[in-house]
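Engineer: Got a sequence here, can you build the structure:
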Amino acid sequence: MIINNDNFQQYKIGKQILIKTLLSTSKHIRIASQFCKINKKTNDQLNVICVYEICTSKSALNIEDISEFPDDQEVLILPYSRFEIIDIQYTRSDTSRIEIRLKQLNLITTTHLPNYRFTRTNNNDLYTCLSSLLPLSVRTIYPCSTIANQNSFQYECVHFNITNLSAIRGGRFSHSPAVIVYVTDSSDVQNVLACAAKLNYVVNALSGGHSYEGYGLGSTYNNIIINMEGINYININQHDRTGTFGAGTRLGPIYYGVYQSDNYTINAGSCPWVGLAGHALGGGYGLLSRLHGLLSDNVLEMKAVNAHGELLTINETHEPDLYWALRGGGGGSFVIVTEFKIRLVKAPTLTTQYSLVWHPNASKLVIQRYQLLMFNNTIFNLSNDLFLSMNVNHLEIRISITYFGIELDVLKRTVALFLETLPTPNETKIHSEDWLTFVYDGLGLGNSNVDHRHLLLKNSTMPTYCFKAKHLFFDKPISDHSLDQFLNRISLGIGELYITFNPWDGHIHTIPIDKTAFPHRRYKFGIQLMIYCNDTNSEKKQMKWLNEIYSTIYRDSTKHSYINYMDRDVKNWMDYYYNTHQQILHNLKYIYDKNNRFYFEKTIK
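Structural biologist: Here you go, the predicted model:
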């Protein structure tokens, strides 16, 4: 925004303005010229007084200019802060002068849903719009109750249950969408968004259906669900070692396809059914994260459709603000990403896994000494070529040490340290295999005699489970008192419970926190608790058991969690998932999705 002596009068008192700053820094900044003074009020709001001497009519005050503020007048203004003009004065003499007084506004909550079609029972106007813009080859499914002509050949009319589209069960869905559109390319997504903007519908994108709370299906009645599974291409460029992938591609086919190109891979998660988009946008933690960082750290470019139906190219130079936000800020809040360009990494030549197993009576001592190693950098400097996992349940406690490489000295030294520090295990096992076989074995289907390679060759649909998960980050060991309560609660329940301790250090720690939207780069490890429901009758009892276990370690945690392990029970989710980046993400939400077109229950607000 430029203010000069010709146009200053249009900036009246009370007018709201947006001051853009660089997202790549959280430095103390100043606005405009050297004559700006920033005074902090007692209520933590800011008064910004900008004075500019205008010597000619062509001179101007540019409120978007940025430079560092003097050390003795430091005030932190977050990127994309919004201000209101509370005073503006202009005097003309030999040297003209403009003085502007600005007040920083409080956060503006964007969870309102203006004029959206929640209560309508007739979506014929939506049908008309989509029919006019989408090719006949694009599959659309409408609930029969909302369409007057139920015999049209141009769409499907079914009495469906949207629960079937998600990987989870357990009574989490209570709404019915206006339509499900199975898009095949970016232009289809643009056309759907054009209709949504014209007719005021909420839009939610479903990539793989792997959201822990099913938020790819949205949270509101009569929303539009865009199913991305048809955008599933894989293109490899061996020259620059990059891959371009459709947002609906599952990780399984990506692992297989990339490995066929000179044994490359991506540093992503282990579940083959997970859709690429949600996984990458939330950060993308996986087995190679200690070695290569998160998947989002290797995303070079994206194609996406915004709330107005415009196709954007997003990278460091085009839409850099979105590029920052979409690498770790979670999916479904700003735009609908249709394509990812990702830096490939060389797959390990060999993976070797050493497992140690103890009976439950050794659990406390094992966890205590495991933590002792994790937090003692003097005696335990873990190589980034190693991945650790400790799994705890009421039947056993298991530590797996996986080494990626052919020189096994690092693995041998680590195993020796574990054997020296921990109680004598009841069982040990070691085995080696190539990378792709390691991925096959990690499918977790429980039958080693079955060849599951077909899951890596096509976009398979994930089986439906009744489960609930919770997750916490830790930057200090769990206390003995909390550990006693934790293990006691585990022993009191009956059910299929999995508790996993994973390290979140290594290469993840080397990247500055403000480099991307992912804010959890200083924590030592994370704990994920997951329970599978035996049946609907015992579900409430098992959920209560899970919550009790979670509460025993919550007090010792950082009280923050990984956005891809979403938990609808969390009340203060903005702080819980986004930590120090929550206000910047909020400001960007207001800019890119002001009307909350991409609303769901835990959207950025």
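
Engineer: okay, now the domains of this structure?
Structural biologist: Using automatic domain parsing, the domains assigned to the chain come out as 2-104, 124-227, 234-347+582-587, 351-569.

Engineer: how about those in CSV, adding mean neighbour count and distance to residue 604?
Structural biologist: (Each C-beta comes from the backbone N, C-alpha and C, glycine too.) Converted to CSV, the domains of the chain look like this (neighbours: other CB atoms under 10 Å; distance: least, CB to CB, whole Å):
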stretch, mean neighbour count, distance to residue 604
domain 2-104, 15, 13
domain 124-227, 19, 12
domain 234-347+582-587, 22, 4
domain 351-569, 17, 10
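
Engineer: Distance check, residue 441 against residue 432.
Structural biologist: 11 Å (CB to CB, to the nearest Å).

Engineer: which intervals of the stretch 301-450 of the chain have sub-threshold pLDDT?
Structural biologist: Applying pLDDT under 70 to the stretch 301-450 of the chain flags residues 442-450.

Engineer: So for residue 601, which of the domains of the chain sits nearest?
Structural biologist: The closest of the domains of the chain to residue 601 is domain 124-227. By CB to CB, the value is 3.9 Å.

Engineer: how about the nearest residue to residue 478, chain neighbours excluded?
Structural biologist: residue 556 (4.9 Å; CB to CB, 6 or more residues apart in numbering).

Engineer: In contact with the one you found, which residues are there?
Structural biologist: For residue 556, the contact set (CB atoms under 8 Å, 6 or more residues apart in numbering) comprises 474, 476-479, 482.

Engineer: Are we agreed that it is in a helix?
Structural biologist: No: under DSSP: H, G, I helix; E, B strand; the rest coil, residue 556 sits outside any helix and is assigned coil.

Engineer: give me every residue that touches residue 325.
Structural biologist: 334, 517, 584-585, 588.

Engineer: Look up how far residue 591 lies from it.
Structural biologist: 10 Å.

Engineer: got the contact list for residue 267?
Structural biologist: 284, 286, 288-289, 291-295, 298, 345.

Engineer: try 6 Å
Structural biologist: 286, 288, 292, 295, 345 (CB atoms under 6 Å, 6 or more residues apart in numbering).

Engineer: so the last one bridges to which residues?
Structural biologist: Beta bridges link residue 345 to residue 265 when assigned by DSSP bridges.

Engineer: that older thread, mind giving me TSV with the contacts of residue 267 and columns for secondary structure?
Structural biologist: Formatted as TSV, those follow (three-state DSSP):
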residue	secondary structure
286	coil
288	coil
292	helix
295	helix
345	strand
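
Engineer: Going by distance to residue 176, which of the contacts of residue 556 wins?
Structural biologist: residue 474 (40.3 Å).

Engineer: so that closest one sits right up against residue 557, yeah?
Structural biologist: Yes: between residue 474 and residue 557 there is a contact at 5.4 Å, judged by CB atoms under 6 Å.

Engineer: roughly how far apart are residue 384 and residue 515?
Structural biologist: Residue 384 sits 18 Å away from residue 515, going by CB to CB.

Engineer: show me where the chain has helices.
Structural biologist: 124-133, 186-199, 251-259, 276-281, 289-292, 320-325, 363-374, 409-421, 435-441, 480-492, 507-510, 539-554, 573-578, 582-592 (DSSP state H).

Engineer: Which strands or helices does the third one pack on?
Structural biologist: The contact analysis (3 or more CB pairs under 6 Å, 6 or more residues apart in numbering; DSSP states H and E) places helix 251-259 against no helix or strand.

Engineer: Kindly recompute the last result at 7 Å.
Structural biologist: When contacts are defined as 3 or more CB pairs under 7 Å, 6 or more residues apart in numbering; DSSP states H and E, helix 251-259 packs onto strand 234-237, strand 264-265, helix 276-281, helix 435-441.

Engineer: I'd like the ones you listed as JSON lines, with distance to residue 318 appended.
Structural biologist: Shown next, in JSON lines, are those (distance: least, CB to CB, whole Å):
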{"stretch": "strand 234-237", "distance to residue 318": "19"}
{"stretch": "strand 264-265", "distance to residue 318": "26"}
{"stretch": "helix 276-281", "distance to residue 318": "18"}
{"stretch": "helix 435-441", "distance to residue 318": "33"}
